[in-house]
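Q: Give me a model of this one.
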Amino acid sequence: MKILILGAGGIGGYIGGRLTASGADVTFLVRPRRKAQLEADGLVIRSPLGDVQLPVKTVLAPPEADYDIVLLTCKAYDLEPAMEAIAPAMNGQCAIVPVLNGIAHLDRLDERFGQSAVMGGTCLIDVALDRSGTINHAGNLQRIIFGERDRSISPRAQALAGVLAQSTVDWEMSDNILLSMWEKVAFLSVLAAATCLFRANVREIMASPGGRDAMERALAVNIEIAKREGFILRNDVMQRARDRLTDPAGAWSASMLRDLEAGGSVEGDHVVGWMLARARKHGLDDTILSLAFTHLRAYEERRAAGRLPGV
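A: Have a look, this model is predicted:
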């Protein structure tokens, strides 16, 4: 199986690096600066689960070979150029496994490439790319979940499972991938909304008056949104989400907060705004989502006008 990974940033670089280390046929589709960096230093991962530094195959757009799977790991705000970049690889046999945050991207991918070419996917990991090109992984979580959206067990899904089984990545071939994606966005939209709105990590929010209540109320609303959209989120999965969102020692925040504090683009529309629209559709309490979304959009307005501190 030939795998093309769009980008060699945090998620794409981490998963692709682990797959490459296991002997999988992986190529990274990257920009010129990242290509030069990878050619000079190799792909570098620093992780509690083991460091990696190894040479990898890279190409600039368009891809130079036929592929079986494209692993799409871009940010939601880069979806349009990402689709342009991978289009030459979509030869009728190639399938896309998107692991973007949220769910909204599925409609756009379906429009461009056809629903049959687009699988479902999500990734659970705390990872970031630093300026030196090193991929820094925090904690032990490194889970990718994928599957067919029609709930079938396809040959291409089984083939990808076989490749992942040879690696050290934690993986699941789901027979209900849309449920898994809903569980991820139900958790992530709370984490992103709260940590961006309060400009704090989970521990700091828990130490503040009303912090725990805000987290628990927002998660309860999201669980109800999912139910009304036809997805009963699993109790054990949501309990893990609740534990993570209310951990008094939790030093984590959403990557959206890191992007915001660095003065970069954020996925506010794709994650927080998308869930907010569904809260309003069903007449549910949208207080946290609404305030966070206004905060994120106001930030984007300031950023576009060049009025951020240090800009």
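Q: Take stretch 294-304, keep the C-alpha atoms, and write them as PDB.
A: Provided in PDB are the C-alpha atoms of stretch 294-304 (Å, rounded to 0.1, in the frame of the first residue of the first chain):
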ATOM      1  CA  THR A 294     -17.600  35.800  19.300                       C
ATOM      2  CA  HIS A 295     -14.300  35.900  20.900                       C
ATOM      3  CA  LEU A 296     -12.600  33.900  18.100                       C
ATOM      4  CA  ARG A 297     -14.300  36.000  15.400                       C
ATOM      5  CA  ALA A 298     -13.300  39.200  17.100                       C
ATOM      6  CA  TYR A 299      -9.700  37.900  17.200                       C
ATOM      7  CA  GLU A 300      -9.800  37.100  13.500                       C
ATOM      8  CA  GLU A 301     -11.000  40.700  12.800                       C
ATOM      9  CA  ARG A 302      -8.100  42.200  14.800                       C
ATOM     10  CA  ARG A 303      -5.700  39.800  13.100                       C
ATOM     11  CA  ALA A 304      -6.900  40.700   9.600                       C
END
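Q: Relative to residue 267, how far out is residue 240?
A: 22 Å (CB to CB, to the nearest Å). The C-beta positions use only the backbone N, C-alpha and C, and glycine is treated the same way.
Q: who's more crowded, those two?
A: residue 267 (24 against 14; other CB atoms under 10 Å).
Q: Identify the residues contacting the more buried one.
A: 75-77, 101-102, 192, 256, 259 (CB atoms under 8 Å, 6 or more residues apart in numbering).
Q: and residue 132, how many residues sit next to it?
A: Neighbour tally, residue 132, other CB under 10 Å: 9.
Q: Make sure it is indeed in a helix.
A: No: in this structure, residue 132 is coil, not part of a helix, as judged by DSSP: H, G, I helix; E, B strand; the rest coil.
Q: May I have the phi/psi pair for residue 165?
A: phi -60, psi -20 (degrees, to the nearest 10).
Q: What residue, apart from its backbone neighbours, is nearest it spatially?
A: residue 171 (7.5 Å; CB to CB, 6 or more residues apart in numbering).
Q: Look up how far residue 18 lies from that neighbour.
A: Taking CB to CB, one finds residue 171 at 10 Å from residue 18.
Q: The two: who's more crowded?
A: Shown here are residue 171 and residue 18; by other CB under 10 Å, residue 18 has more neighbours (24 against 18).
Q: Does whatever helix or strand the more buried one lives in pack against any helices or strands, and if so which?
A: Element membership of residue 18 [criterion: DSSP states H and E] is helix 10-21. The criterion is 3 or more CB pairs under 8 Å, 6 or more residues apart in numbering; DSSP states H and E, and the helices and strands that helix 10-21 contacts are strand 2-6, strand 25-29, strand 43-46, strand 52-54, strand 69-72, strand 120-129, strand 134-147.
Q: outside of it, which residues touch it?
A: Contacts for helix 10-21 (CB under 8 Å, 6+ apart): 3, 5-8, 26, 28, 43, 45, 47, 52, 54, 56, 71, 73, 99, 123, 125, 127-129, 135, 137, 142, 144, 163-164, 167-169, 255.
Q: which among the residues you listed end up buried?
A: 3, 5-8, 26, 28, 43, 45, 47, 52, 56, 71, 73, 99, 123, 125, 127-129, 135, 137, 142, 144, 163-164, 167, 169, 255 (16 or more other CB atoms under 10 Å).
Q: Alright, I will stop here.
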